[in-house]
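Asker: Provide a 3D model corresponding to the input given below.
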Amino acid sequence: MEPLRPPLNSNGIKFYVDNTGNNNQLVKAVLRRRSWFVPCNEIEQAQIIWTQWKKSKIVENLKPHQLYNRIEGNHLLTNKYYLLSSMRDFYDRQGAGTCYLDVMPLTFRLTVEPKGRLTVNPGYQSFRDAFEQSKG
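Answerer: Residues are numbered from 1 along each chain as shown. Take a look at the predicted model:
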């Protein structure tokens with residue numbers, strides 16, 4: 001099966017990059033290096049639409065000639081905590097146990113307890129223990 005591609009006209013591909021989120025400037029800078037990239041400020045005219053987060057309104061209003069960069073469950077890859085959880089689950093299913101620690105940075109999940117108390121938080125205690133151990 002041929003991959004779905006928007007039609008390429010002689011002027012390139014009209015690409016809309018949403019201005020929300022913290023990666024839009026990076027995405028625009030990378031796309032400017034592509035000879036086929038044509039910035040488009042009108043989402044209705046764009047052939048490819050990029051947003052950092054999935055926006056239901058965009059999904060509901062997509063036209064047949066438009067592609068949208070969002071996939072279901074992408075938060076499992078774009079959020080550090082969920083990426084760590086996904087990697088841990090993957091390595092567990094492979095029977096590799098804690099080998100994910102070789103490819104992932106040391107990560108702690110801190111939650112704020114009622115009344116802002118971090119001292120009883122298990123994630124905070126793990127962080128403190130690792131910090132004290134790193135001091136030697």
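
Asker: just to be sure, Ile13 is in a strand?
Answerer: Yes: assessed with DSSP: H, G, I helix; E, B strand; the rest coil, Ile13 lies in a strand.

Asker: need the per-residue pLDDT for it.
Answerer: At Ile13, the model reports a pLDDT of 88.

Asker: ditto for Cys40
Answerer: Confidence score, pLDDT, at Cys40: 90.

Asker: check contacts around it.
Answerer: Taking CB atoms under 8 Å, 6 or more residues apart in numbering, we find Cys40 in contact with 14-16, 46-47. The C-beta positions use only the backbone N, C-alpha and C, and glycine is treated the same way.

Asker: between these, which has the most around it?
Answerer: Among the contacts of Cys40, the one with the most neighbours (other CB atoms under 10 Å) is Ala46, at 23 neighbours.

Asker: the nearest residue to that one once chain neighbours are set aside is in what secondary structure piece?
Answerer: Closest residue to Ala46 in three dimensions, ignoring its sequence neighbours and counting by CB to CB, 6 or more residues apart in numbering: Tyr16, at 3.5 Å. Following DSSP states H and E, one finds Tyr16 within strand 13-17.

Asker: ok now the helix or strand bottoming out on mean pLDDT in the chain, how far from the chain's centre?
Answerer: Ranking every helix and strand in the chain by mean pLDDT, DSSP states H and E puts helix 75-78 at the bottom, with a mean of 74. Here helix 75-78 is found 5 Å from its chain centre; the criterion is CA atoms, centre = their mean, to the nearest Å.

Asker: can you name the element that comes right after it?
Answerer: Moving toward the C-terminus from helix 75-78, the next helix or strand (DSSP H and E) is helix 80-93.
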